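Chemist: predicted model and sequence below, questions to follow.
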Amino acid sequence: MPSSVKSWSKSFHRIFFAVISLGLSIFVAVQPSIALNDGQQLVLESWSLVNEGYLNPKKFDEVHWRGLRQKALEKQISTSGDAYSAIETMLLPLGDPYTRLLRPADYTAMKASNLGSEINGVGLQLGARNEDGKIVVIAPLEGSPAADAGIVSGTVLIKVGGESPQMLGLEATAARLRGESGSQVFVEIESPESERKEIVLERRSVDLRPVRTRRLRNESHTIGYLRITQFSEGVPDQVKEALKDLSQKDIEGLVLDLRNNSGGLVSSGLAVADAFLSNQPIVETRKRDGISDAIPAGLSTLYDGPMITLVNGGTASASEILAGALQDNGRSELIGSRTFGKGLIQSLSTLSDGSGLAVTVASYLTPNGRDIQNEGIEPDRELEMPEPINPGGSEDRWLQDAELIIGAALDRESLEKSSIEESPPEANQEEIVPIETLTPLDVI
């Protein structure tokens with residue numbers, strides 16, 4: 001990883017996993033006679049983190065942010081549960097489902113996911129729809145109960161355990177879906193085609209296996225297939241090993257599959273982008289103080305051969321950073337369907353009692369300056385619907401299309417190369433001068 005990407009990644013990791021201790025001097029200066037209990041300190045700690053880092057500080061005036069802090073502290077807070085409820089109520093007027101409290105169990109589950117280990121639940125990656133706040137499926141995890149039940153990207157959750165996800169919010173909904181292996185949860189869903197149904201999902205341990213690879217061979221070509229389902233901590237090293245292994249097998253091209261990759265650690269997404277790009281911009285970030293310079297890739301690459309990239313409505317966040325960088329730099333054609341459109345970046349801080357707080361601190365732009373929040377990225381070539389529900393499987397029509405497209409590109413490249421080799425050198429052509437073009441003085 002080059003110094004530019006590495007330094008940015010380190011700083012981002014510090015933001016994501018720092019244990020932040022904040023003084024209470026502001027509050028004490030105003031009300032020195034009041035001693036805060038642990039729950040109240042947790043409220044003030046959360047308020048300060050949002051106040052210092054939130055992407056859109058103009059929102060504070062709209063919601064009377066200081067007044068919300070005061071109201072939260074005036075509540076009866078005697079338990080951790082009271083503090084959590086007060087914090088969630090305080091954050092709600094911001095209207096940002098991604099700026100949220102993560103109770104200790106939920107925070108532990110999120111960190112486990114980012115480390116790429118197993119999780120217990122139904123295997124749904126969720127997002128909040130901007131226009132109405134409904135909780136929708138970004139993607140099901142491969143091999144999960146949700147995937148086995150046929151739940152697809154864009155599905156709306158109507159009820160989870162008899163409760164409304166829209167009322168619960170993003171994190172509480174996710175918490176209702178997690179649980180002990182073998183336990184069950186009742187859900188009501190609405191498909192992208194507006195068909196409603198009720199199903200029972202049995203929770204189990206889901207092996208995340210974020211990187212999967214194999215060779216695709218036919219009569220003409222040997223193609224590498226690399227599927228990345230999320231950007232957890234160990235993914236860059238796994239991708240490095242996968243590309244090394246595929247290169248040793250003499251692949252002629254690569255299919256990169258980012259379908260149903262809902263993101264993860266931005267630093268991991270940047271490191272993977274660096275594997276394919278040479279000294280080219282990867283992403284720009286917009287923080288509350290303006291737009292920063294684009295983060296460039298290093299000079300060296302892990303793979304610089306022909307490639308094509310599969311995306312769909314479950315491609316979100318860090319995977320959209322990668323897809324946008326490949327498309328804008330002309331490195332890879334994108335095929336499939338429009339991506340999800342999550343262009344916001346959250347910091348993740350550990351609070352003093354072991355819970356966590358996610359705060360939206362930046363948005364990202366592709367190298368050409370595209371802000372994809374709520375818009376997504378349109379592929380260079382849309383593939384025929386309906387979309388396959390088994391990415392990477394033997395019946396995956398889109399993967400078969402990708403093989404045909406990259407195979408045709410390799411054939412064209414081979415023909416162009418042969419044509420150049422068969423043409424006579426230009427220098428020899430210039431030495432032949434037709435006699436009729438000579439003047440009488442040149443005739444001997």
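Modeler: That came in fine, so what should we check first?
Chemist: domain parsing for this protein?
Modeler: 3-102, 118-206, 211-410 (automatic domain parsing).
Chemist: now distance to Lys111, mean pLDDT and mean neighbour count too, for those domains, in a markdown table please.
Modeler: For glycine as for every other residue, the C-beta is placed from the backbone atoms N, C-alpha and C. As requested, the domains of the chain are exported to a markdown table (distance: least, Cβ to Cβ, whole Å; pLDDT from 0 to 100; neighbours: other Cβ atoms under 10 Å):
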| stretch | distance to Lys111 | mean pLDDT | mean neighbour count |
| --- | --- | --- | --- |
| domain 3-102 | 8 | 77 | 16 |
| domain 118-206 | 11 | 85 | 18 |
| domain 211-410 | 8 | 92 | 20 |
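Chemist: out of the ones you listed, which gets nearest to Ser418?
Modeler: domain 211-410 (12.7 Å; Cβ to Cβ).
Chemist: just the terminal-to-terminal distance for that closest one.
Modeler: Start-to-end span of domain 211-410 (Cα to Cα, to the nearest Å) is 25 Å.
Chemist: contacting residues for Tyr54?
Modeler: By Cβ atoms under 8 Å, 6 or more residues apart in numbering, the contact list for Tyr54 reads Phe60, Leu94, Thr99, Arg288, Val359, Thr360, Val361.
Chemist: quick one: name whatever helix or strand follows the helix or strand in which the last one is found.
Modeler: Under the criterion DSSP states H and E, the helix or strand holding Val361 is strand 356-365. Sequence-wise, the next helix or strand beyond strand 356-365 is strand 381-382, with elements assigned using DSSP H and E.
Chemist: can you list the residues that contact that next one?
Modeler: Taking Cβ under 8 Å, 6+ apart as the rule, strand 381-382 contacts Glu333, Leu334, Ile335, Gly336, Ser337, Ile405.
Chemist: where do the strands sit along the stretch 201-350 of the chain?
Modeler: Assignment of strands within the stretch 201-350 of the chain using DSSP state E, counting those that start in this stretch yields the ranges 204-206, 211-217, 222-228, 253-257, 281-287, 290-291, 295-296, 307-311, 333-336, 344-350.
Chemist: reformat those as JSON lines; add distance to Ser153.
Modeler: Listed next are those as JSON lines, based on distance: least, Cβ to Cβ, whole Å:
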{"stretch": "strand 204-206", "distance to Ser153": "17"}
{"stretch": "strand 211-217", "distance to Ser153": "19"}
{"stretch": "strand 222-228", "distance to Ser153": "16"}
{"stretch": "strand 253-257", "distance to Ser153": "14"}
{"stretch": "strand 281-287", "distance to Ser153": "23"}
{"stretch": "strand 290-291", "distance to Ser153": "30"}
{"stretch": "strand 295-296", "distance to Ser153": "28"}
{"stretch": "strand 307-311", "distance to Ser153": "11"}
{"stretch": "strand 333-336", "distance to Ser153": "11"}
{"stretch": "strand 344-350", "distance to Ser153": "18"}
